[in-house]
Structure formats: structure tokens, C-alpha cells
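Colleague: 3D model of this:
(one chain, ligands or ions: 1)
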Amino acid sequence: MNMKYTITTPLYYVNDKPHLGSSYTTIACDAIARFERLNGNTVLFLTGVDEHGQKIERTAESKNLEPQLHCDEITEKYKYLWDKLNISYDRFVRTTSIEHTSLVHQFYSKVLKSDDVYMGRQSGWYCVGCEEYKDVEDKDKSPICSIHKKELEWRDEENLFFKLSKYQDQIEKLIHVDGFISPKSRKNEIINFVSKGLRDFSISRVNLKWGINVPGNKDHTFYVWFDALLGYVSGSLNDQCSPELTEKSLSNWPANIHVIGKDILRFHAVYWPAMLLSAGMKTPRSVFGHGFLTREGQKMGKSLGNVLDPIELLEYGGIDAMRWYLLRDIEFGEDGDFQMRRFVDIVNSDLCNTIGNLLNRTITMSKKWFKENIPIDNTLSSDSTLKVKSETKIIEYMESFKDSNFKSSANAIIDLANSANLYLNDRAPWKLIKDISNKNIVALDIYSVLESCRIIGILLNPIVPNLSNRILKQLNIDTSNINFKDSLQWGLLDPNNGLQDPTPVMDKIEFNEDPR
Ligand code: MSP
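Modeller: Numbering: from 1, shown residues only. Reported below is the predicted structural model:
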């Protein structure tokens with residue numbers, strides 16, 4: 001059944017150019033979006049940038065730039081990278097847009113009507129990197145943020161507060177709903193946090209110009225998180241030009257899934273749903289908190305000089321290599337380590353050898369022995385080994401993808417390709433064909449392997465869309481209108497289609513420890 005499906009990446013801070021971490025989340029979201037489209041769903045895939053707050057204001061200052069100019073510059077870098085990575089987003093949200101400001105004001109007036117805002121005083125240790133107050137015991141020393149390794153700053157100011165505590169029961173109920181928070185380990189973390197009792201949080205700042213003004217409180221701007229989370233709603237509205245919080249305009253809301261890193265799970269699974277409840281709006285259906293990427297065992301950071309620039313990685317290995325490695329080798333949900341040696345080995349082994357060579361040698365044999373074509377299909381009497389294998393692997397792939405377990409879906413594809421390679425080696429059609437009376441048997445074998453390649457090509461689509469297209473093109477398959485339901489049955493490869501000349505679909509990568 002066709003369903004509306006809204007998926008979001010986090011809205012990335014524009015304090016710096018995109019890094020491998022942001023590329024990772026966005027590639028994962030792109031894979032989910034493509035998977036849902038292939039399942040026949042109408043997808044709204046939303047990404048964008050989070051442009052306000054002190055962190056951005058300071059970065060712009062240090063570059064001697066007007067904040068807006070700085071934001072424009074970095075935003076372009078995000079868009080450029082997403083295009084290079086073939087990210088199929090439908091909307092790109094900018095929190096500095098006029099439309100977004102209007103939406104924030106409308107939302108705020110709803111929260112005010114629910115009597116959920118009051119003026120208070122906030123004092124505590126603040127991390128500008130996290131844009132968050134931190135719980136610290138000892139107030140005399142200046143403590144360090146465990147994420148940014150920078151000194152926290154002491155703040156004592158008048159802020160507007162949101163009555164988060166009022167939503168304790170509703171949030172408690174929500175976070176226990178099956179499938180709301182994934183993976184399970186992260187769910188327990190949030191349950192534990194909420195069980196300690198929710199405290200109201202401040203939603204405005206004074207002395208910060210770079211933010212959205214709070215109507216009725218002229219010295220205040222909205223706290224960057226209050227503004228940024230609403231970017232998900234402004235990006236999903238039907239009418240992007242004059243955004244209104246009406247039911248008609250909200251037909252893509254709630255989001256089916258917010259995919260985020262584990263560090264910002266609390267904002268998404270606790271604060272955000274409470275804000276929505278206050279405004280009388282629906283809460284997101286699910287939140288997935290993935291792990292962090294490290295490099296060769298160490299946290300990536302400028303000070304360590306080990307940041308891997310996604311553009312450099314792309315230039316070195318190519319888009320398919322980068323997407324495949326990140327989704328195939330790293331368990332989504334767990335922390336993962338980027339290792340250059342592994343990157344090269346996995347890509348060469350899976351994509352060049354196991355899949356690329358299989359396609360190449362089978363097309364070559366088929367064209368040579370069957371008049372430049374696919375042999376006549378006679379699947380009814382064909383050996384069913386690969387058919388059965390492919391059906392089992394398709395089920396595994398689908399089940400895993402639904403849980404965002406890309407690694408297991410990718411494994412299912414490789415299993416099928418391995419089976420097809422083994423099948424060829426066992427049957428040795430190059431020996432059988434020497435006796436002309438075996439021609440029909442060989443025809444069936446070659447057909448089965450080519451058909452497996454077609455299925456592999458389709459299953460690869462959400463993970464490595466470019467490679468998938470190259471594979472299907474060699475089999476002369478029109479890639480413009482593919483969907484899982486109509487294309488994954490065994491035996492659909494049409495012998496009348498013919499075959500392209502075999503050319504390698506994936507080039508090998510030479511190992512280079514540091515591609516910079
Ligand atoms: N602006 C907020 C999100 C607001 S959403 C309404 C923000 N931005 S961020 O740019 O700092 O981080 C964006 C995402 O990148 C987060 O989900 C974070 O977990 C993720 N990552 C940052 N470094 C990462 C790695 N090294 N590895 C994987 N993901 C990482 O937070």
C-alpha cells in the first residue's frame with residue numbers, strides 16, 4: 001500500500017564545512033529514502049542546516065564575516081557535497097529563511113496559549129559547542145565538556161522557560177512505545193534519563209543577536225534548539241511559501257523517522273515531542289540514534305589532525321566506494337571505526353571482485369555463445385538453486401532494511417553474489433559448452449546467473465545507486481521506473497532485451513594510507 005513517508009537528517013550546524021560524520025548520517029537517510037520509494041511509498045526526504053546560536057555567531061566573528069554571509073558560504077558546501085554523494089533529498093531547510101521564522105512565531109504562540117512558558121533565571125555551566133547547559137557538581141572550577149574538550153562557560157541570566165515537567169507522564173508513555181526509540185540500548189538511556197524527573201528548560205537567550213526574535217520580549221532570541229527542531233516542521237509543510245500550521249499544510253507530518261547521532265537523542269526523544277504536545281501537534285513516529293565514527297581507533301578532531309574530509313575521500317575512492325563502505329562495514333547504531341586499509345579491501349573485494357567480475361564474465365560468456373545475447377529463458381525446467389537463494393536473500397535484505405540494519409542487507413546481497421559465483425564455478429559452463437549437446441543446459445545456467453545479477457543490481461540501488469544503475473544498464477534494463485514489487489520476482493530478465501558490451505562496473509582502488 002502506498003504510504004506517505006517523511007524522513008529527516010539532523011539540521012547540521014554551519015560552524016564548519018561538512019565532515020564524515022554528517023556525510024554518514026545523510027548517506028544512511030538517503031538509503032532509507034530510496035528504499036521506501038522502491039517500496040512504492042511517497043517519500044519526503046528532508047535535510048538542511050541549523051544556522052543560529054552563539055556557536056555560529058562566534059565562528060562568523062572569528063572570520064570577520066556577517067553571520068548571514070558565513071551561513072550562506074557553508075550552506076553551499078553542504079549542498080555541493082550532497083550533490084556529489086547523490087543524496088536524493090526533496091527539501092533543504094535553512095533556519096534563517098523568512099518562512100521558518102514565521103513558523104517559529106506561529107508555533108510559539110500555540111505554546112503560549114497552552115500556558116507552557118514563564119520567565120525565570122537560568123544559571124549554570126554552558127557548552128557553546130553543544131549549545132547546551134551541562135550538569136556539573138562543582139561550581140568553582142571551570143569544568144570541561146566531555147564532547148568538545150573545551151572549558152564550559154558560566155551563565156546566569158533571565159530566560160524564558162518551557163514547562164517540560166508538565167509533560168512527564170506523556171513523555172514517559174511515549175518513550176516506552178515499541179519502535180519509538182532505536183536501537184534498544186539508546187532507548188534504555190532515555191528511559192533512565194526521564195525516570196529521574198524532567199526539568200523545565202530555557203528556550204530563550206539574552207545578549208545573543210544571532211537568533212529569531214521572541215515576540216513580546218525584545219531582548220530575547222529563541223534558544224537555537226527550540227528554533228532548529230522546528231525546522232523539521234517548516235521543511236515538511238506543503239506550502240513552503242506561506243507556511244501555516246494548519247491540518248492541510250501538515251499532511252507530511254509527523255515524520256516517520258528522525259535519524260540522528262546518539263549525542264542529540266535527548267533533544268529528539270524528549271524535548272521535541274514535549275514541545276509538539278504543547279502546541280497540540282503530533283509527535284514523530286520514531287527516532288534512530290546512530291553511533292559515532294572514529295578514525296583508525298581515534299576520535300576524529302582538528303586537534304588530532306586526523307579528520308577525514310569527505311570530498312577527499314570521494315575523490316580517492318569514488319561515491320560507490322564511500323557509500324558502500326559506510327553502510328556495509330559499520331553497524332548502524334553502534335560506534336564504528338573508519339580504517340583506510342579495510343575501506344580499500346572491502347570495496348575491492350565486494351564491488352570489484354564478487355559483483356563486478358561476476359557480471360563481466362557472465363555477460364562475456366553469454367554474448368560469445370548465444371549470438372551476442374541472453375540465452376532463451378526456460379526457467380520452468382531450470383535448476384532452482386539460485387532462484388531459491390535469491391528468494392531467501394531478498395527476504396533477509398528486506399527485513400534488515402526495515403530495521404535500518406544496512407550491514408545485514410548488504411551482506412544478503414554479497415551472499416547472493418557469492419552463491420552465483422560458486423554456482424558458475426561448480427557448473428563450469430566453459431567446459432560443458434565444448435559439447436554442443438549441452439547448449440540448453442548452459443543456456444539455463446547462464447540465464448540463472450544473469451538473472452541473479454539483475455536482482456543484485458536492484459537490491460544495490462538504495463545503498464549504491466550509481467553502481468546499481470551501471471549494472472542494470474549492462475543488462476539493458478530501464479532504471480527509470482523500478483520498484484521492488486514488480487521487479488524482484490525471479491525470471492523477469494527478458495532475453496529479447498539483449499546485452500551491452502561488458503565493461504568493468506567498478507574500478508579497483510589502490511591502497512593509500514592517507515589520500516590527502
Ligand atoms: N544542529 C544540531 C542538530 C539540530 S537537529 C534539529 C547538531 N548539529 S551537528 O552538526 O553538530 O551534528 C549533526 C549530527 O552529526 C549529529 O547527529 C551528530 O551526532 C553527528 N555527528 C557529529 N560527529 C559525528 C561523528 N564523528 N560520527 C557520526 N556522527 C557524528 O547537533
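
Colleague: so where is the stretch 1-150 of the chain shaky, pLDDT-wise?
Modeller: Applying pLDDT under 70 to the stretch 1-150 of the chain picks out residues 138-140.

Colleague: same thing but 90
Modeller: In the prediction, the stretch 1-150 of the chain carries residues with pLDDT under 90 at positions 1-2, 122-124, 126, 128-150.

Colleague: Residue of it nearest the ligand, please.
Modeller: Across the stretch 1-150 of the chain, no residue is closer to the ligand than Gly21, which sits at 2.5 Å (Cβ to the nearest ligand atom). Every C-beta, even on glycine, is put in place using the N, C-alpha and C of the backbone.

Colleague: wait, doesn't that residue sit right on Gly261?
Modeller: Yes. Counting by Cβ atoms under 8 Å, Gly21 does reach Gly261; the two are 6.9 Å apart.

Colleague: if we can go back for a sec, tell me which residues touch the residue of the stretch 1-150 of the chain closest to the ligand, please.
Modeller: By Cβ atoms under 8 Å, 6 or more residues apart in numbering, Gly21 lies in contact with 261, 292-293, 300.

Colleague: Most neighbours among those residues, please name it.
Modeller: In terms of neighbour count, Leu293 stands highest of those at 21 neighbours, by other Cβ atoms under 10 Å.

Colleague: I figured Asn418 was touching Ile355, is that so?
Modeller: No. With contact defined as Cβ under 8 Å, Asn418 and Ile355 do not form a contacting pair (9.8 Å).

Colleague: quick one, which of those two is more surrounded?
Modeller: With neighbours defined as other Cβ under 10 Å, Asn418 and Ile355 compare such that Ile355 has more, 28 against 15.

Colleague: Parallel or antiparallel, list what pairs with the helix-or-strand element of the chain with minimal mean pLDDT.
Modeller: The weakest-scoring helix or strand in the chain, judged by mean pLDDT, DSSP states H and E, is strand 298-299 (a mean of 75). Partners of strand 298-299 in the sheet, by DSSP bridges, are strand 293-295 (antiparallel).

Colleague: now, which of the contacts of Gly21 lie close to the ligand?
Modeller: If you filter the contacts of Gly21 for contact with the ligand, counting by Cβ under 6 Å from any ligand atom, you are left with 261, 292-293, 300.

Colleague: Next, find the distance separating Ile477 from the ligand.
Modeller: According to Cβ to the nearest ligand atom, to the nearest Å, Ile477 and the ligand sit 35 Å apart.

Colleague: what comes up buried for stretch 179-195?
Modeller: Neighbour counts over stretch 179-195 (16 or more other Cβ atoms under 10 Å) mark 180-183, 186-187, 189-190, 194 as buried.

Colleague: Among these, which lie within helices?
Modeller: Using DSSP state H, the members of those that fall within helices are 186-187, 189-190, 194.

Colleague: From these, pick the one nearest the ligand.
Modeller: Distance from the ligand was checked for each of these by Cβ to the nearest ligand atom. The minimum falls on Arg186, at 11.9 Å.

Colleague: ok, the closest one - contacts?
Modeller: 262, 265, 289, 333.

Colleague: Top of these by number of neighbours, please.
Modeller: Taking other Cβ under 10 Å to define a neighbour, the member of the contacts of Arg186 with the most is Gly289, carrying 24 neighbours.

Colleague: Could you look up the SS state of that residue?
Modeller: Three states are possible here, and by DSSP: H, G, I helix; E, B strand; the rest coil the one that applies to Gly289 is strand.

Colleague: ok, now how distant is it from Ile98?
Modeller: Noted for Gly289: a distance of 32 Å to Ile98, by Cβ to Cβ, to the nearest Å.

Colleague: quick one on the thing from earlier: export the buried residues of stretch 179-195 to CSV and tack on distance to the ligand and pLDDT?
Modeller: Output for the buried residues of stretch 179-195, formatted as CSV (distance: Cβ to the nearest ligand atom, whole Å; pLDDT from 0 to 100):
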residue, distance to the ligand, pLDDT
Phe180, 17, 98
Ile181, 15, 98
Ser182, 14, 96
Pro183, 14, 94
Arg186, 12, 93
Lys187, 17, 96
Glu189, 14, 94
Ile190, 15, 97
Val194, 20, 98
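
Colleague: Widest-spaced pair of those residues?
Modeller: Farthest-apart pair in these is Pro183 and Val194; separation 17.5 Å (Cβ to Cβ).

Colleague: in which helix or strand would I find the nearest residue to Ser487 once chain neighbours are set aside?
Modeller: By the measure of Cβ to Cβ, 6 or more residues apart in numbering, the closest residue to Ser487 outside its immediate chain neighbours is Ile458, 5.4 Å from it. Assigning secondary structure by DSSP states H and E places Ile458 in helix 439-460.

Colleague: which secondary structure elements does that helix contact?
Modeller: helix 358-369, helix 385-402, helix 406-427, helix 429-432, helix 465-474 (3 or more Cβ pairs under 8 Å, 6 or more residues apart in numbering; DSSP states H and E).

Colleague: between those, which gets nearest to Ser448?
Modeller: helix 385-402 (4.5 Å).

Colleague: Which element, helix or strand, includes Thr8?
Modeller: Counting by DSSP H and E, the secondary-structure element that holds Thr8 is strand 4-13.

Colleague: Identify each buried residue in that strand, please.
Modeller: By neighbour count, with 16+ other Cβ under 10 Å as the criterion, the buried positions of strand 4-13 are 5-13.

Colleague: Of the residues you listed, which are in range of the ligand?
Modeller: Counting by Cβ under 6 Å from any ligand atom, the members of those near the ligand are 10-13.

Colleague: Asp239: which of the residues you listed is nearest?
Modeller: Distance ranking of these against Asp239, using Cβ to Cβ, places Leu11 first at 20.0 Å.

Colleague: ok, the nearest residue to the closest one once chain neighbours are set aside - contacts?
Modeller: Once flanking residues are discounted, Leu11 sits nearest to Asp50: 4.1 Å by Cβ to Cβ, 6+ apart. Asp50 makes contact with 10-14, 95, 224, 228, 231, according to Cβ under 8 Å, 6+ apart.

Colleague: Return the closest of those residues with respect to Arg285.
Modeller: For these, the nearest to Arg285 is Pro10 (16.9 Å; Cβ to Cβ).
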